[in-house]
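1. Have a look at this prediction, sequence included:
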Amino acid sequence: MSKDEEKRLAGRAAMRYVEDGMVVGVGTGSTVAHFIDALAERKHLIEGAVSSSEQSTRLLKERGVPVLDLNSTGDIPLYVDGADECDAQRCLIKGGGGALTREKIIAAAAKTFVCIIDAAKRVDALGRFPLPVEVVPMARSYVAREIVKRGGNPVWRDGVVTDNGCWILDVHGWRIERPAEMERELNQIAGVVTVGLFAQRPADIVLIGSEEMR
């Protein structure tokens, strides 16, 4: 099975968790685009969607899915998103598309977080994919120096500005054996907005193609 077919199957399989009348959190990326297509087919049965990025907001609106503000909805029952890496404990690296902060907020507000991936995203330990760290622009060099002290090799994603007006450092060279511990530590560095480790709040369910991992 091709990677694109696995993404399509995962996106459509996530619809089994969508119930009538729900507010659905929607992530960002190529796998999520398949979920948005499937969600649009049932748009008349849901209340609407909370979007993690301007890109996904645009796709949802183009397909006629109402886009709601998380400040108005409160906690939501379901969040569906992809990942750049996933380990056996369902801890994730996210942020390759630059939407990690909003994705983390929606994941925190969701009762159930369903992650949709293709098989290539499964890893024994996180870190092969560079870890995104969103930073306040004036703190870029400071945060980079702090990351170097911790053995990482940060590379500025030059020319990329997040939806929050911030910058991203992609950290190479780490094998992340204790992702929740690293997430807490990096979040304490002054100037870090958030880090693309989803370990303190991992996925509840991972769909690899149409197969479920809990």
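-> Done, it's in.
2. Now do the contacts for residue 34.
-> 7-8, 10-12 (Cβ atoms under 8 Å, 6 or more residues apart in numbering). In this view, the C-beta of every residue, glycine as well, is placed from N, C-alpha and C.
3. give me that answer again for 10 Å
-> Neighbouring residues of residue 34 by Cβ atoms under 10 Å, 6 or more residues apart in numbering: 4, 7-14, 82, 116.
4. before we move on, what SS does it have?
-> Three-state assignment for residue 34 (DSSP: H, G, I helix; E, B strand; the rest coil): helix.
5. Next one: the closest residue to residue 139 other than its chain neighbours from residue 137, what distance?
-> Excluding the flanking residues, the one nearest residue 139 by Cβ to Cβ, 6 or more residues apart in numbering is residue 191, at 2.3 Å. Taking Cβ to Cβ, to the nearest Å as the measure, residue 191 falls 9 Å from residue 137.
6. Likewise for residue 16?
-> Counting by Cβ to Cβ - residue 16 and residue 137 are separated by 42 Å.
7. Also residue 14?
-> 35 Å.
8. One more: residue 179?
-> 26 Å.
9. Just want to know which of the two has more residues nearby.
-> Ranked by neighbour count (other Cβ atoms under 10 Å), residue 179 and residue 137 place residue 179 first, with 24 against 10.
10. The closest residue to that one other than its chain neighbours: neighbour count?
-> Distance criterion Cβ to Cβ, 6+ apart; nearest residue to residue 179, sequence neighbours excluded, is residue 199 at 3.6 Å. Counted with other Cβ under 10 Å, the neighbours of residue 199 add up to 21.
11. just residue 190 next, same as before
-> 10.
12. Please tell me how far the closest residue to it other than its chain neighbours sits from residue 148.
-> Once flanking residues are discounted, residue 190 sits nearest to residue 139: 6.6 Å by Cβ to Cβ, 6+ apart. From residue 139 across to residue 148, the span is 14 Å (Cβ to Cβ).
13. can you give me how far the helix or strand hosting residue 108 is from the chain middle?
-> Assessed by DSSP states H and E, residue 108 sits inside helix 100-109. The chain centre lies 7 Å from the centre of helix 100-109; the measure is Cα atoms, centre = their mean, to the nearest Å.
14. next one: stretch 100-111
-> Taking Cα atoms, centre = their mean, one finds stretch 100-111 lying 8 Å from the centre of the chain it belongs to.
15. If we go by neighbour counts, what in it is buried?
-> With burial defined by 16 or more other Cβ atoms under 10 Å, the residues of stretch 100-111 counted as buried are 100-107, 109-110.
16. Over to stretch 1-15?
-> Neighbour count says stretch 1-15 has 6-14 buried, by 16+ other Cβ under 10 Å.
17. Just confirm residue 19 is within a strand.
-> No. Read with three-state DSSP, residue 19 is coil and lies in no strand.
18. Name the nearest residue to it, ignoring sequence neighbours.
-> That would be residue 77: by Cβ to Cβ, 6+ apart, it lies 7.5 Å from residue 19.
19. helix/strand/coil for the one you found?
-> Residue 77 ends up strand, using three-state DSSP.
20. That one: neighbour count?
-> Residue 77 has 15 nearby residues by other Cβ under 10 Å.
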